[in-house]
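> need a 3D model of the following:
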Amino acid sequence: MKFAIMGSGGVGGYFGARLAEAGEDVTFIARGEHLAAMQRQGLRVSSIKGDVDLAQVKATEDPATLGEVDCVIVAVKAWQVREAAESIRPLVGPDTLVLPLENGVEAADILAEVLGEAPVLDGLCGILAWREAPGHIRHAGVDPFIRFGERDNHSSARTARLKAVFDKVHGVSAEIPDDIRVAQWSKFLFICAMSGIGSITRAPIGVTRQLPETRALIQAMLEEIDQVARAHGVAFPADAVARAMQFIDAMPAESTSSMQRNIMAGEPSELESQNGAVVRLGQAVGVATPVHGIIHAALLPQELAARGELPQAT
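Model prediction:
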């Protein structure tokens, strides 16, 4: 299959490199020093599942130069999804799949608004990875998985074909869940709580899950997300919160979320797509989310400053 990777950081860089390693036709869409490094010396992935060293890769800044592809993997930051959707229009033909691998639960809706419903799948992934340097991805934790499906959960030949491709890829576990919405919200459940607690404490998960005070906050965040999800019709199992806490407890102690790392670096983050989304989606169905509300409010001044949108003090 012919793939375009829209966003070539930790997520896109890892999964794109694994696809290229397996012999698929992959083009990375990137910018700046990362793009220049890939064009000059390829892409290197340092991984607990085995390193990848691609001496040459296809990489560009302009999606319009590629023509139509079989699958676009969207792995930009959540606040960049709408811009990404506009830029990948030239890649999307009548048989193209658009697969979002985002931390939030709204990316597929945004992509469908811009590109139409037909090409868009729902998807998610699990991995602890980041861009360590231009042209170099570091995968440090979590056995990488990818889950996707039609948005209405019907079986289709196109998703089966995509899964067959990923089944041949080393270092990736692929699945088409019975209910992709439950799978997506299940990831959102733990990653949003992990992002929120890490961002306000600036501590790794091994610390915040151990201290009784911060563990109680994690538990409260999980319970609020669970209530919001159920109010939106997500068919969570009864033990969804317990499963999410088990996943958090199993993560490497030094783990941090990408949102936390962005906030600690003073960069724009996924705050609005994670804790902010819980508040917004809760308000839409009359579910109170006081813990997420406090976290969102506490982090908002820094977020606005990072975006150059902070009002002047008066």
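> show me what contacts residue 202?
By Cβ atoms under 8 Å, 6 or more residues apart in numbering, the contact list for residue 202 reads 260, 264. Every C-beta, even on glycine, is put in place using the N, C-alpha and C of the backbone.
> should've said residue 285
Residues near residue 285 by Cβ under 8 Å, 6+ apart: 228, 231, 232.
> how about these in a markdown table, adding neighbour count and secondary structure?
Formatted as a markdown table, the contacts of residue 285 follow (neighbours: other Cβ atoms under 10 Å; DSSP: H, G, I helix; E, B strand; the rest coil):
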| residue | neighbour count | secondary structure |
| --- | --- | --- |
| 228 | 27 | helix |
| 231 | 14 | helix |
| 232 | 15 | coil |
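> mind listing the strands in the stretch 1-150 of the chain by residue range?
In the stretch 1-150 of the chain, the segments counted as strands under DSSP state E, counting those that start in this stretch are 2-6, 25-29, 43-47, 52-54, 58-60, 71-74, 97-100, 122-133, 136-149.
> want to try TSV for those strands, with mean pLDDT as columns?
Shown next, in TSV, are the strands of the stretch 1-150 of the chain (pLDDT from 0 to 100):
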stretch	mean pLDDT
strand 2-6	98
strand 25-29	98
strand 43-47	98
strand 52-54	97
strand 58-60	98
strand 71-74	98
strand 97-100	98
strand 122-133	94
strand 136-149	95
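> would you turn these into CSV with distance to residue 314 and mean neighbour count?
CSV is the format used below for the strands of the stretch 1-150 of the chain (distance: least, Cβ to Cβ, whole Å; neighbours: other Cβ atoms under 10 Å):
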stretch, distance to residue 314, mean neighbour count
strand 2-6, 41, 25
strand 25-29, 42, 23
strand 43-47, 48, 22
strand 52-54, 53, 17
strand 58-60, 46, 19
strand 71-74, 40, 27
strand 97-100, 40, 26
strand 122-133, 38, 21
strand 136-149, 44, 20
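> relative to residue 287, which of these is closest?
Closest approach to residue 287 among these (Cβ to Cβ): strand 122-133, 22.2 Å.
> okay, helices next: where are they in the stretch 151-300 of the chain?
For the stretch 151-300 of the chain, applying DSSP state H, counting those that start in this stretch gives helices covering 157-167, 180-201, 205-208, 212-231, 240-250, 258-264, 275-284, 290-306.
> residue nearest the middle of the chain, spatially speaking?
Geometric centre of the chain, nearest residue: residue 102, 2.7 Å, by Cα atoms, centre = their mean.
> quick one: it and residue 122 touch, right?
No - in this structure residue 102 lies outside contact range of residue 122 using Cβ atoms under 8 Å: 10.1 Å.
> which residues do the two both contact?
Common contacts of residue 102 and residue 122 (Cβ under 8 Å, 6+ apart): none found.
> and this protein, what are its domain boundaries?
With domains defined by automatic domain parsing, the chain comprises 2-177, 182-306.
> would you convert those into a markdown table that also reports distance to residue 312?
Below are those laid out as a markdown table (distance: least, Cβ to Cβ, whole Å):
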| stretch | distance to residue 312 |
| --- | --- |
| domain 2-177 | 23 |
| domain 182-306 | 11 |
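> returning to that earlier point: residue 111 is nearest to which of the helices of the stretch 151-300 of the chain?
helix 180-201 (13.4 Å).
> could you list every helix and strand in contact with the closest one?
Counting contacts by 3 or more Cβ pairs under 8 Å, 6 or more residues apart in numbering; DSSP states H and E, helix 180-201 packs against strand 122-133, strand 136-149, helix 205-208, helix 212-231, helix 240-250, helix 258-264, helix 275-284, helix 290-306.
> hang on, the earlier thing: closest to residue 158 out of the contacts of residue 285?
Nearest to residue 158, judged by Cβ to Cβ, of these is residue 232 at 26.5 Å.
> leaving out sequence neighbours, find the closest residue to that closest one.
The shortest distance from residue 232 to any non-neighbouring residue, by Cβ to Cβ, 6 or more residues apart in numbering, is to residue 285 (6.1 Å).
> now the one you found: how far from residue 88?
As judged by Cβ to Cβ, to the nearest Å, residue 285 and residue 88 stand 31 Å apart.
> also residue 284?
Separation of residue 284 from residue 88 (Cβ to Cβ): 28 Å.
> and those two? Which one has more around it.
The neighbour count for residue 284 versus residue 88, taken as other Cβ atoms under 10 Å, is higher for residue 88 (24 against 11).
> that one is in contact with residue 4, isn't it?
Yes - in this structure residue 88 lies within contact range of residue 4 using Cβ under 8 Å: 7.1 Å.
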